[in-house]
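K.L.:
Structure, please.
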Amino acid sequence: MPLVYRRAGLVLSRDLPTTDPLVTALQRDLRALGYLRSGIDGWFRAGTERAVRALQYDLLHAVAQILAEAARIEEA
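P.N.:
The predicted structure follows:
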């Protein structure tokens, strides 16, 4: 899955004035990962924002769990 929307300085935000192919690519990936339930339309709206936030939350918690486990192993 090439991440075409992964670029330095790129900002995707809600209510962009037009559809964006980068948002469409992001929505496809979010759908494939099970985070987006709404349609893939290229608009960065509330559903896309919720999906991004849910993915970020899950990724941050996964990293926190890995770090906590590494700390426990190091202490042992």
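K.L.:
tell me the contacts of residue 21?
P.N.:
4, 42 (Cβ atoms under 8 Å, 6 or more residues apart in numbering). Just so you know, the C-beta spots here come from the backbone N, C-alpha and C atoms, and that holds for glycine as well.
K.L.:
one more time with 7 Å
P.N.:
residue 42 (Cβ atoms under 7 Å, 6 or more residues apart in numbering).
K.L.:
Give me the distance between the two termini of stretch 31-44.
P.N.:
End-to-end distance for stretch 31-44: 14 Å, by Cα to Cα, to the nearest Å.
K.L.:
So for the spatially most central residue of the chain, what's the nearest residue that isn't a sequence neighbour?
P.N.:
The residue lying closest to the centre of the chain (Cα atoms, centre = their mean) is residue 52, at 3.8 Å. In space, and not counting its chain neighbours, residue 52 is closest to residue 30: 7.0 Å by Cβ to Cβ, 6 or more residues apart in numbering.
K.L.:
surely the one you found meets residue 49?
P.N.:
No - judged on Cβ atoms under 7 Å, residue 30 makes no contact with residue 49 at a distance of 10.5 Å.
K.L.:
Which of these two has more residues huddled nearby?
P.N.:
Taking other Cβ atoms under 10 Å, residue 30 and residue 49 do not tie; residue 30 has more neighbours (21 against 14).
K.L.:
show me the contacts for that one.
P.N.:
Residue 30 touches 36, 51, 55, counting by Cβ under 7 Å, 6+ apart.
K.L.:
Pull out the buried members of these.
P.N.:
By neighbour count, with 16 or more other Cβ atoms under 10 Å, these hold 36, 51, 55 as buried.
K.L.:
Secondary structure and distance to residue 10 added to those residues, as JSON lines?
P.N.:
What follows is the buried ones among the contacts of residue 30, written out as JSON lines (DSSP: H, G, I helix; E, B strand; the rest coil; distance: Cβ to Cβ, whole Å):
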{"residue": "36", "secondary structure": "coil", "distance to residue 10": "19"}
{"residue": "51", "secondary structure": "helix", "distance to residue 10": "17"}
{"residue": "55", "secondary structure": "helix", "distance to residue 10": "16"}
